[in-house]
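**Q** Take a look and give me a structure for this.
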Amino acid sequence: MKDGVIEGSCRCTMMDVQNQPDERDIPLAKVGVKGVRYPITVLDRERGVQHTTATVDLFADLPRHFKGTHMSRFIEVLERHKADLSMPRFLQLLREIRQDLDAEAAFGSITFPYFIEKKAPVSGLPSSMSYDCRYEGWVNSKEKHFTVAVWVPISTVCPCSRAISERGAHNQRGIVKVEVELGPFFWIEDLVTLVEGAASSPVYTLLKREDEKYLTEHAYDNPKFVEDVVRDVYIGIRNLQKFPRFSVEAENFESIHNHSAYAYVSYGGKGVDHE
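**A** All right, here's what the predicted structure looks like:
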């Protein structure tokens with residue numbers, strides 16, 4: 001390439017408009033591709049690997065003197081890594097974007113459903129349960145940052161309703177989001193198990209009557225406020241001593257209120273950070 005012109009083997013030339021200078025003197029923090037749907041492969045504790053489909057956002061900074069970036073290069077790098085997008089490989093993908101685009105920093109996130117086979121508690125019938133996950137990170141010449149988020153559906157029974165009602169108690173489904181800054185390697189399955197253990201009961205895809213009876217009674221015997229769930233998950237993750245930072249948030253989709261109940265807590269390495 002000479003002076004912004006690409007020379008091909010056919011001796012024809014094509015103007016490289018993106019590489020031309022820009023006179024407005026405005027650097028851009030992020031340019032790239034957003035909302036790309038792409039097949040990827042991630043690690044699976046039970047089966048080795050799992051094939052899934054991700055929604056991908058990839059960006060790099062753009063210096064003030066360039067008119068535009070080369071959007072195709074983001075997809076080229078993604079294509080090189082789609083067969084192995086385990087947690088460590090995601091940062092390598094960002095490093096290659098930064099290198100290929102001659103950028104100071106690269107940013108990215110991939111969101112995908114992760115499937116875990118769960119057996120019903122009494123019948124033992126297996127079914128696949130979907131959990132939304134996200135990798136998010138950035139790299140530059142000196143630093144890197146990488147977080148993993150997992151959304152876990154749960155069920156809770158209201159302790160107040162159980163205490164004041166003569167018959168039954170109201171319950172609801174909820175969602176717990178755990179986001180951790182990557183320390184040592186860990187399995188998504190371990191975070192899912194920890195969160196489900198802090199709920200009144202887990203949620204399943206396939207249940208028979210004997211399973212429903214067990215889960216209903218188990219949840220009734222284990223009532224939890226949304227505050228209880230968040231605190232118990234916080235304690236469980238802190239005790240793992242794996243993550244320098246993490247956050248836990250829970251939203252209960254209330255069954256007798258026209259609003260959700262919500263709680264949040266974060267850990268920054270020295271204690272609780274209130275936001």
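**Q** and the gap between G137 and V36?
**A** Separation of G137 from V36 (C-beta to C-beta, to the nearest Å) stands at 16 Å. Where C-beta positions appear, they are placed from N, C-alpha and C, glycine not excepted.
**Q** These two - which one has more neighbours?
**A** More neighbours surround G137 than the other of G137 and V36, with 21 against 15 (other C-beta atoms under 10 Å).
**Q** which residues does the more buried one contact?
**A** F90, L91, L94, F107, G108, S109, K144, H145, F146, T147 (C-beta atoms under 8 Å, 6 or more residues apart in numbering).
**Q** any chance of those residues in a markdown table, plus pLDDT and secondary structure?
**A** Below are the contacts of G137 laid out as a markdown table (pLDDT from 0 to 100; DSSP: H, G, I helix; E, B strand; the rest coil):
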| residue | pLDDT | secondary structure |
| --- | --- | --- |
| F90 | 92 | helix |
| L91 | 92 | helix |
| L94 | 95 | helix |
| F107 | 97 | strand |
| G108 | 96 | strand |
| S109 | 96 | strand |
| K144 | 92 | strand |
| H145 | 93 | strand |
| F146 | 94 | strand |
| T147 | 95 | strand |
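**Q** Mind checking which of these are buried?
**A** F90, L91, L94, F107, G108, S109, F146, T147 (16 or more other C-beta atoms under 10 Å).
**Q** Would you tell me which one of these comes nearest to E46?
**A** Nearest to E46 out of the buried ones among the contacts of G137 is F90 (C-beta to C-beta; 21.1 Å).
**Q** can you count the residues close to H81?
**A** 17.
**Q** from what I can see it touches L91, true?
**A** No - between H81 and L91 there is no contact under C-beta atoms under 8 Å: 10.7 Å.
**Q** Find the nearest non-adjacent residue to V192, please.
**A** Distances taken as C-beta to C-beta, 6 or more residues apart in numbering place V152 nearest to V192, at 5.5 Å, with adjacent residues excluded.
**Q** which phi and psi does the one you found have?
**A** phi -120, psi 120 (degrees, to the nearest 10).
**Q** hey, which strand is longest across this structure?
**A** strand 28-44 (DSSP state E).
**Q** contacts for that strand?
**A** Outside strand 28-44, the residues that reach it (C-beta under 8 Å, 6+ apart) are 49-62, 68-69, 71, 74-75, 78, 82-87, 107, 110, 112, 114, 187.
**Q** Which among those residues count as buried?
**A** Looks like these have 50, 52, 54, 56-62, 69, 74, 78, 82, 84-85, 87, 107, 110, 112, 114 buried, using 16+ other C-beta under 10 Å.
**Q** got the residue ranges for the helices in the stretch 101-250 of the chain?
**A** For the stretch 101-250 of the chain, helices defined by DSSP state H, counting those that start in this stretch occupy the ranges 159-164, 188-197, 209-220, 226-240.
**Q** between these, which one is nearest to D100?
**A** Taking the helices of the stretch 101-250 of the chain one by one with C-beta to C-beta, helix 188-197 is closest: 28.9 Å.
**Q** you'd agree the residue nearest to V192 is up against V178?
**A** Yes - with contacts counted by C-beta under 8 Å, V152 reaches V178, the gap being 7.1 Å.
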